[in-house]
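*Asks:* Below is the sequence, then the predicted model.
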Amino acid sequence: MSASPLNELRRTNFAGREVSLAEGALVVVGVTALAGGGPRRTDAVVLAGIGTLGLVDDLLEPRLRRAGRPVSKGLRGHLGALRSGSLTTGAAKALGIPLLALVGALTAPAPRGGAMTVADAALVAGCANLANLLDLRPGRALKAALPAAVMLALAPDEQARDRSGRRLALAAAVPGLLALPADLRERGMLGDAGANVLGAAVGGAAARRLSVPARLSLLGVVVALTLASERVSFSAVIERTAALRALDGLGRLPFPAPAPGEDR
């Protein structure tokens, strides 16, 4: 008997609590719907594609594990599997998200063309990946994405191009805020689908509302953090840094106490 769709979305998180990836699927629907208002249908298509790639990864990876098949982790692992002739769901994301981001950059209002279009696409894809890298603890990815989305939404308009960026920022902020309580209470989690689409929407807003120097600086930070994640655990760094540890734990449930006689 096949498992129900709801069962396929259930996961056990780092604290041993059962959560649902339905939160991430709903975030994809909300971001896509809000981004696609007015004439900007392409933004909705791009974000829906990014969310779908994430959802496929969320659903298929556990099946591969249950079947005893190897599952690659991290960008280096997925690209290594691709070089050996195996297309993992992660490798499909690593190829598909940049291509979708490039479509979004090419069809953006007043595209600048050339190298800046590639840089804008890289910023969208990089933010999508970085949000996913942060989604290892309840609320962590949302605590990074939401302030950025709100600041981009509130930034003053300077040109027509910026108004579509504001829509993208709001498309990330509203579903993200709605998802935050369930995420912090460990009833749901973003998963690849929700984290990727939120990060992509924030990256797209930044690409359309920030100046060229600010965008290039942000891209440099995103690339640096992504490369660092291949060697350094974000969770370990956060645990060692008092201010980051306090922010990371804000609003989160306490870690369950071990049962008597149980080693932790």
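*Replies:* Sure, I can see it. Numbering: from 1, shown residues only.

*Asks:* so Val19 touches Met189, yeah?
*Replies:* Yes - taking contacts as CB atoms under 8 Å, Val19 lies within contact range of Met189: 4.7 Å. Every C-beta, even on glycine, is put in place using the N, C-alpha and C of the backbone.

*Asks:* Who has more neighbours out of these two?
*Replies:* Set Val19 next to Met189 and count neighbours by other CB atoms under 10 Å: Met189 wins out with 26 against 23.

*Asks:* Now for Val19 and Met189: what residues contact both?
*Replies:* Residues touching both Val19 and Met189 (CB atoms under 8 Å, 6 or more residues apart in numbering): 11, 13.

*Asks:* what are the ranges of the helices in this protein?
*Replies:* For the chain, helices defined by DSSP state H occupy the ranges 5-8, 22-35, 41-66, 74-83, 89-106, 114-134, 140-154, 160-184, 191-209, 212-229, 234-240, 242-249.

*Asks:* Below-threshold pLDDT in this structure: ranges please.
*Replies:* For the chain, applying pLDDT under 70 flags the ranges 1-6, 37-40, 62-88, 110-113, 158-162, 257-264.

*Asks:* any idea which of the helices of the chain is most buried?
*Replies:* Most buried of those, by mean neighbour count (mean count of other CB atoms under 10 Å): helix 191-209, with a mean of 31.

*Asks:* tilt between that one and helix 89-106?
*Replies:* Our comparison of helix 191-209 with helix 89-106, counting by axes from the mean of the first three to the mean of the last three CA atoms, to 10 degrees, yields an angle of 20 degrees.

*Asks:* can I get the CA coordinates of helix 191-209 in PDB?
*Replies:* Output of helix 191-209 as PDB, limited to C-alpha atoms (Å, rounded to 0.1, in the frame of the first residue of the first chain):
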ATOM      1  CA  GLY A 191      12.200  22.100   3.800                       C
ATOM      2  CA  ASP A 192      14.000  22.600   0.500                       C
ATOM      3  CA  ALA A 193      10.900  23.800  -1.200                       C
ATOM      4  CA  GLY A 194      10.000  26.600   1.300                       C
ATOM      5  CA  ALA A 195      13.600  27.700   2.000                       C
ATOM      6  CA  ASN A 196      14.600  27.800  -1.700                       C
ATOM      7  CA  VAL A 197      11.600  29.800  -2.800                       C
ATOM      8  CA  LEU A 198      11.900  32.300   0.100                       C
ATOM      9  CA  GLY A 199      15.600  32.800  -0.600                       C
ATOM     10  CA  ALA A 200      15.000  33.200  -4.300                       C
ATOM     11  CA  ALA A 201      12.300  35.900  -3.700                       C
ATOM     12  CA  VAL A 202      14.500  37.800  -1.400                       C
ATOM     13  CA  GLY A 203      17.400  37.500  -3.800                       C
ATOM     14  CA  GLY A 204      15.200  38.700  -6.700                       C
ATOM     15  CA  ALA A 205      14.000  41.700  -4.600                       C
ATOM     16  CA  ALA A 206      17.600  42.600  -3.800                       C
ATOM     17  CA  ALA A 207      18.600  42.400  -7.500                       C
ATOM     18  CA  ARG A 208      15.900  44.900  -8.400                       C
ATOM     19  CA  ARG A 209      16.100  47.300  -5.500                       C
END
